[in-house]
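>>> My questions are about this predicted structure, shown below with the sequence.
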Amino acid sequence: MSSRDEILAAVRTNRPKADRALPAVPLFDEGRTDSLLEVFKHSLERMGGIFLDPPSAGDVLEPVRHRIANAKTVCSLVPEIAGNRDIAQVAAPADLADVDFAVVRASFAVSETGSVLLSEQGLVINSVGYLAQHLIVLLDSADIVVNLHHAYRRPEFRAGHYAVFHTGPSATADIEGVLIHGAQGVRSLAVLPVAREAVHPTR
């Protein structure tokens with residue numbers, strides 16, 4: 001018998017006999033009274049993200065239109081905003097490196113961390129979430145969960161092949177301790193709270 005087999009046999013022999021159920025893991029959401037949207041906004045800005053306050057009247061998407069107005073290349077993955085780069089015509093992920101703004105919709109967001117979850121359904125080509133210079137995310141405020149304990153119970157983690165949390169823009173500290181945005185991802189990440197059914201298709 002090899003040493004490995006001896007060790008495994010000893011483990012099996014001395015394994016506790018009683019079957020104990022796994023402990024219940026709390027969701028740590030008791031006593032939460034703050035607005036999930038307000039906490040999300042604070043968390044997002046703390047991580048270097050930009051919260052776009054929707055206008056009280058008029059075009060709810062005006063903050064997005066204003067940001068992309070002078071952009072050369074806009075890749076929109078949402079029906080509400082028109083872009084000039086059709087992702088269906090992209091042959092290779094690296095071809096998205098010239099995108100100035102990408103506009104996507106988050107599956108949901110996490111209030112305590114300021115994170116948005118982007119999936120393969122929303123990105124279509126995953127690299128657009130990293131190669132674009134700037135990322136604008138539409139978020140339905142009804143899709144904000146309290147914390148990561150709730151987030152990992154969402155079906156998006158089981159239904160798709162790819163899902164990623166984005167928390168603010170890319171941030172890298174160089175050797176002198178200077179924080180550099182955009183070295184390994186988007187230079188800015190902005191979030192606009194807008195309900196999925198609140199706007200009409202692209203105009």
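That came in fine, so what should we check first? Numbering: from 1, shown residues only.

>>> what about the strands in the chain?
For the chain, the strands defined by DSSP state E occupy 50-51, 74-76, 101-105, 108-110, 115-119, 134-139, 144-145, 163-166, 171-173, 179-181, 188-193.

>>> could I get those as a markdown table with distance to residue 127, mean pLDDT and mean neighbour count?
C-beta here means a position set from N, CA and C on the backbone, and glycine is covered the same way. As requested, the strands of the chain are exported to a markdown table (distance: least, Cβ to Cβ, whole Å; pLDDT from 0 to 100; neighbours: other Cβ atoms under 10 Å):
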| stretch | distance to residue 127 | mean pLDDT | mean neighbour count |
| --- | --- | --- | --- |
| strand 50-51 | 22 | 98 | 18 |
| strand 74-76 | 11 | 98 | 22 |
| strand 101-105 | 10 | 98 | 25 |
| strand 108-110 | 22 | 97 | 24 |
| strand 115-119 | 12 | 97 | 24 |
| strand 134-139 | 12 | 98 | 25 |
| strand 144-145 | 26 | 96 | 20 |
| strand 163-166 | 11 | 94 | 18 |
| strand 171-173 | 18 | 83 | 12 |
| strand 179-181 | 19 | 81 | 13 |
| strand 188-193 | 16 | 98 | 22 |
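
>>> Nearest to residue 153, out of these?
Minimum separation from residue 153 across these (Cβ to Cβ) falls at strand 144-145, 8.5 Å.

>>> will you turn the strands of the chain into JSON lines that also has distance to residue 14?
Below are these laid out as JSON lines (distance: least, Cβ to Cβ, whole Å):
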{"stretch": "strand 50-51", "distance to residue 14": "55"}
{"stretch": "strand 74-76", "distance to residue 14": "59"}
{"stretch": "strand 101-105", "distance to residue 14": "53"}
{"stretch": "strand 108-110", "distance to residue 14": "42"}
{"stretch": "strand 115-119", "distance to residue 14": "43"}
{"stretch": "strand 134-139", "distance to residue 14": "52"}
{"stretch": "strand 144-145", "distance to residue 14": "42"}
{"stretch": "strand 163-166", "distance to residue 14": "40"}
{"stretch": "strand 171-173", "distance to residue 14": "47"}
{"stretch": "strand 179-181", "distance to residue 14": "51"}
{"stretch": "strand 188-193", "distance to residue 14": "52"}
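
>>> Show me the one of these that comes nearest residue 157.
strand 163-166 (5.9 Å).

>>> what's the closest one packed up against?
Applying 3 or more Cβ pairs under 8 Å, 6 or more residues apart in numbering; DSSP states H and E, we find strand 163-166 packed against strand 115-119.

>>> which residues sit against the strand it packs on?
43, 104, 106-110, 129, 137, 139, 151, 154, 156, 160, 162-167, 189, 191 (Cβ atoms under 8 Å, 6 or more residues apart in numbering).

>>> Name every strand pairing with it and say which way it goes.
strand 108-110 (antiparallel), strand 163-166 (antiparallel) (DSSP bridges).
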